[in-house]
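*Asks:* need a structure here:
(chains A, B, C and D)
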2 protein chains.
Amino acid sequence: MRPQKTLDKDVLVGLTEIFQSKGYEAASLQDLATATGLKKASLYHRFPGGKKQMAEAVLEHLAKWVGENVFQVLRNSEHSPEIRLKNAMVQIKVLYNDGKNTCIFRALSMETGINLFRLQIEKGMKEWLKAFETIGEELELDSKTAKSYAYQSMIDIQGSLILTTALNNPQIFDEALQRITSRYLR
Amino acid sequence: MRPQKTLDKDVLVGLTEIFQSKGYEAASLQDLATATGLKKASLYHRFPGGKKQMAEAVLEHLAKWVGENVFQVLRNSEHSPEIRLKNAMVQIKVLYNDGKNTCIFRALSMETGINLFRLQIEKGMKEWLKAFETIGEELELDSKTAKSYAYQSMIDIQGSLILTTALNNPQIFDEALQRITSRYLR
DNA sequence: GTCTATAGCTAGATAGAC
DNA sequence: GTCTATCTAGCTATAGAC
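*Replies:* Below is the predicted model:
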């Protein structure tokens, strides 16, 4: 059937890299082919829906990674909420490569992207908010505060990623993650 | 010499609209022509440096607007620092159209844009930080706190603009501006 | 200073050999 | 399943009439 399941993952990694760094419209099929090591026609064989389907696959792939490596960590009942929060922060650092990667929601939410992927982006963002809200409640915050902290956490992540890029200073991202943790644990 | 100085501003408004919403690479000359009401060749007459020069003009135009309508307001010695901060926040709401516009730094800081405009973006971001830092000091914050609040303010603005787009909810931007003000004035 | 027309190239996408 | 070759449409940019 499919001779190389391993390659499937490598292809997704290449696609992710391009869409994350360039956004949707600016990512050319040539860029995507080079990054994956496949020729354009081969990409179309795997993704008959073209560039749009490739971006959707990237969104799914990252949603799966975040589900397993962030949300799952936040829910892991073997540890206290404090430990779970800290562990999740480590994973978030990995996800964004210490602040050197941009968020896929940001990359795909310029004009054309937001029109194509509005539902996925909105759904994904709400899952992040819900995950932070839940850990907040488990840390004994009242529900209004838990909601507010969840929004502030996502704003800190997204905003610090922008500043990190603009000022070429990953320390900003690091400090933002620290601030999020401190807010919950003080 | 130049028969229509008024039009110059309209052209900049059109260019700004496109680069803000689509970013650099995804903004086509056709988009820019349509938005300005000029034909492509006419745009090249005004901007012999092509698309790059058009984006630079947008960055300068917005830097000028921000200088006059945000930074100047923050420095206006006729009012108390508290009033100046509140007035500046109103202007920031105007700049980002109540959260419905994206920031030009964000729009131009994806892959190709950041390579072309790194200096302008970094300079602009530092000016914003400096302006917030100064008003913080005038509000009697110690210099370390003033610096920290400046970063948090910019992170709140940038992050809340991302969430506002992703969730299609301008209230998030409004609340972020409110949070910035409250942090300084509590 | 603005336009029409067009050059030269790259875009996304497809056909068909292997 | 991957490739070379190719289609059409769109891209940035320029030439030259008015």
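*Asks:* CA only for contacts and neighbour counts going forward, please
*Replies:* Noted.
*Asks:* excluding covalently adjacent residues, which one is nearest to residue A:16?
*Replies:* Excluding its sequence neighbours, the residue lying closest to residue A:16 (Cα to Cα, 6 or more residues apart in numbering or on different chains) is residue A:58, at 5.6 Å.
*Asks:* which residues of chain A score low on pLDDT?
*Replies:* For chain A, residues meeting the criterion pLDDT under 70 lie at A:1-6.
*Asks:* for it, what lies in contact range of DNA strand C?
*Replies:* Applying Cα under 7 Å from any atom of the strand, one finds that chain A approaches DNA strand C through A:25-31, A:40-41, A:44, A:48-52.
*Asks:* now do the helices in chain A.
*Replies:* Secondary structure of chain A (DSSP state H): helices located at A:5-22, A:29-36, A:40-46, A:50-66, A:72-75, A:81-95, A:104-107, A:111-138, A:143-167, A:171-185.
*Asks:* quick one, the fourth one and helix A:5-22 angle?
*Replies:* What that stands for is helix A:50-66. Here helix A:50-66 runs at an angle of 100 degrees relative to helix A:5-22 (axes from the mean of the first three to the mean of the last three Cα atoms, to 10 degrees).
*Asks:* I figured residue A:109 hits residue B:164, correct?
*Replies:* No: under the criterion of Cα atoms under 8 Å, residue A:109 makes no contact with residue B:164, lying 10.8 Å away.
*Asks:* with only the CA atoms kept, save stretch A:70-89 in PDB.
*Replies:* The C-alpha coordinates for stretch A:70-89 follow below in PDB (Å, rounded to 0.1, in the frame of the first residue of the first chain):
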ATOM      1  CA  VAL A  70       0.800  19.900  26.000                       C
ATOM      2  CA  PHE A  71      -2.900  19.200  26.800                       C
ATOM      3  CA  GLN A  72      -2.200  15.600  27.900                       C
ATOM      4  CA  VAL A  73       0.600  16.700  30.100                       C
ATOM      5  CA  LEU A  74      -1.700  19.200  31.700                       C
ATOM      6  CA  ARG A  75      -4.200  16.500  32.500                       C
ATOM      7  CA  ASN A  76      -1.700  13.800  33.600                       C
ATOM      8  CA  SER A  77      -3.200  12.900  37.000                       C
ATOM      9  CA  GLU A  78       0.000  11.200  38.200                       C
ATOM     10  CA  HIS A  79       1.400  14.700  39.100                       C
ATOM     11  CA  SER A  80       0.200  17.700  41.000                       C
ATOM     12  CA  PRO A  81      -1.300  20.600  39.000                       C
ATOM     13  CA  GLU A  82       1.800  22.600  39.800                       C
ATOM     14  CA  ILE A  83       4.100  20.000  38.300                       C
ATOM     15  CA  ARG A  84       1.800  19.500  35.300                       C
ATOM     16  CA  LEU A  85       1.900  23.200  34.600                       C
ATOM     17  CA  LYS A  86       5.600  23.300  34.700                       C
ATOM     18  CA  ASN A  87       5.900  20.300  32.500                       C
ATOM     19  CA  ALA A  88       3.600  21.800  30.000                       C
ATOM     20  CA  MET A  89       5.600  24.900  29.900                       C
END
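*Asks:* count of neighbours near residue A:136?
*Replies:* 25 (other Cα atoms under 10 Å in any protein chain shown).
*Asks:* what of residue A:36?
*Replies:* Residue A:36: 23 neighbours (other Cα under 10 Å).
*Asks:* once you drop chain neighbours, what's closest to residue A:151?
*Replies:* That would be residue A:129: by Cα to Cα, 6+ apart, it lies 6.4 Å from residue A:151.
*Asks:* quick one, what contacts that neighbour?
*Replies:* Residue A:129 makes contact with A:147, A:150-151, A:154, according to Cα atoms under 8 Å, 6 or more residues apart in numbering or on different chains.
*Asks:* between those, which is nearest chain B?
*Replies:* Nearest to chain B among the contacts of residue A:129 is residue A:154, at 7.4 Å by Cα to the nearest Cα.
*Asks:* distance of the closest one from residue B:175?
*Replies:* Residue A:154 sits 14 Å away from residue B:175, going by Cα to Cα, to the nearest Å.
*Asks:* how about residue A:126?
*Replies:* When residue A:126 is compared with residue B:175 (using Cα to Cα), they lie 18 Å apart.
*Asks:* of those two, who's got more company?
*Replies:* Of the pair residue A:126 and residue B:175, residue A:126 is the one with more neighbours under other Cα under 10 Å, namely 16 against 13.
*Asks:* the residue nearest to residue A:16: how many residues sit nearby?
*Replies:* Neighbour number of residue A:58 under other Cα under 10 Å is 22.
*Asks:* ok, residue A:29 touching residue A:39?
*Replies:* No: Residue A:29 is beyond contact range of residue A:39, at 9.0 Å (criterion: Cα under 8 Å).
*Asks:* of the two, who's got more company?
*Replies:* residue A:29 (18 against 14).
*Asks:* please list all residues in contact with the residue nearest to the more buried one when sequence neighbours are not counted.
*Replies:* The spatially closest residue to residue A:29, leaving aside those adjacent along the chain, is residue A:40, at 6.4 Å (Cα to Cα, 6+ apart). For residue A:40, the contact set (Cα under 8 Å, 6+ apart) comprises A:29-30, A:32-33.
*Asks:* again with residue A:81
*Replies:* Taking Cα under 8 Å, 6+ apart, one finds A:74, A:135, A:138-139 in contact with residue A:81.
*Asks:* go on, residue A:27?
*Replies:* Residues in contact with residue A:27 (Cα under 8 Å, 6+ apart) are A:18-19.
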